[in-house]
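Undergrad: Build me a model from this:
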Amino acid sequence: MQNKEIRLASRPAGVPTDENFQLVETEVPSIADGEVLLRSLYISVDPYLRGRMRESKSYVPPFQLGQVIESGVVSEVMESKSPDFKKGDVVSAYLGWRLYNVANARQLMRTIPGVSPPSTFLGALGMPGLTAYFGLLDIGKPKEGETVVVSGAAGAVGMTVCQIAKIKGCRVVGIAGSDEKSKYLRDELGVDATINYKTAGDMFAALKEACPNGVDVYFDNVGGAVSDAVLPVINDRARIVLCGQISIYNLDKVDVGLRPQTSLLVHSALMQGFIITKYTSRFAEGVGQLAQWFTSGQLKHVETVVEGFENTPQAFIGLFSGENLGKQVVKVG
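TA: Next up is the predicted model:
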């Protein structure tokens, strides 16, 4: 067996390009006691990886030049020297962009039998689902009848937030980047109203129309001008959940926009950011509830699949032009 891996070849300036990545052939490693050999089935590509391609310090160390890119991977166990796993088991873990990875058994989470496709554990039952679950319920604290606005609503996290908010009895307004995505949110996920930010023109007027009773919870996945338009529409004691800022990830200069302090002060509102890894001790709780909603049909997993390991960089780059509906994954093949 020949192994392949994808490394960071250079640091992107603006939107990443193919030249920032390097495909390298390597040997398949052997395993030691307590380890397993894994064959990658699905690889997750996520917007936050762009931040790790910068040299600057953040909440997670940056990738070094020549380092293998890492993200969530669903894999099949090919060989095991751990009593906890056997050949053929399907697991998820944070691993390298490789055809074959070696991992300590303690790193692995077994997928739930009967849940299909396995890539669900990179989406609704994986890190995006957990991000939506804890961000909305712990910080947003939605109450029945309240209005929840979600930006990036057609992405992996946004779609799950929309569905959880509907489960909690809220009026949900989704902001997305195309009419097709907006239609999917309304027709398939039951979102009450949608806004296409690319064609809406006056976002403030569009939000006033879509949210006649104001905004109680804003789940912010994008930042930038879209989020600036939401602040004047918030209600007293609104909660703003800062999850992602994809609109500014590729900027080389600091983004300057609307200053939120006045709106937060006038409305006694809360704006709080969070990092999902701080909830590690509660992952079992989150996965358990998400799996219950999924198996009962209350929560749908939506994904865009790119075929072929070599196309992993292109799948990642596609995130920044909004190509994906739901979770973007690579089917390794």
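Undergrad: Now for the residue lying closest to residue 176 once chain neighbours are set aside: which residues touch it?
TA: Nearest residue to residue 176, sequence neighbours excluded (C-beta to C-beta, 6 or more residues apart in numbering): residue 154, at 4.2 Å. To be clear about C-beta, it is placed using only N, CA and C from the backbone, and glycine gets the same treatment. If you count contacts by C-beta atoms under 8 Å, 6 or more residues apart in numbering, residue 154 has them with 174, 176-178, 181-182, 184-185, 325-326.
Undergrad: quick one: the strands in the stretch 1-150 of the chain?
TA: For the stretch 1-150 of the chain, applying DSSP state E, counting those that start in this stretch gives strands covering 2-8, 21-27, 35-44, 70-80, 90-96, 100-104, 109-110, 147-151.
Undergrad: before we move on, the earlier item: quick check: the residue nearest to residue 176 vs residue 306, distance?
TA: Going from residue 154 to residue 306 by C-beta to C-beta, to the nearest Å gives 17 Å.
Undergrad: quick revisit: can you tell me which of the strands of the stretch 1-150 of the chain is packed in deepest?
TA: Most buried of those by mean neighbour count (mean count of other C-beta atoms under 10 Å) is strand 147-151; its value is a mean of 30.
Undergrad: So if we follow the domain assignment, how does the protein break up?
TA: 2-123+302-331, 127-277 (automatic domain parsing).
Undergrad: Averaged pLDDT, the last one. What do you get?
TA: Averaged across domain 127-277, pLDDT comes to 95.
Undergrad: picking that back up, so for residue 294, which of the domains of the chain sits nearest?
TA: Minimum separation from residue 294 across the domains of the chain (C-beta to C-beta) falls at domain 2-123+302-331, 7.1 Å.
Undergrad: So for that closest one, first residue to last residue, what's the gap.
TA: 18 Å (C-alpha to C-alpha, to the nearest Å).
Undergrad: taking the mean pLDDT, what do you get for that domain?
TA: Rounded mean pLDDT across domain 2-123+302-331 is 95.
Undergrad: Leaving aside the residues adjacent along the chain, what's closest to the residue sitting nearest the centre point of the chain?
TA: By C-alpha atoms, centre = their mean, the chain has its centre lying nearest to residue 128, at 4.1 Å. Nearest residue to residue 128, sequence neighbours excluded (C-beta to C-beta, 6+ apart): residue 156, at 3.7 Å.
Undergrad: In this structure the one you found contacts residue 125, no?
TA: No. Counting by C-beta atoms under 8 Å, residue 156 stays clear of residue 125, with 11.3 Å between them.
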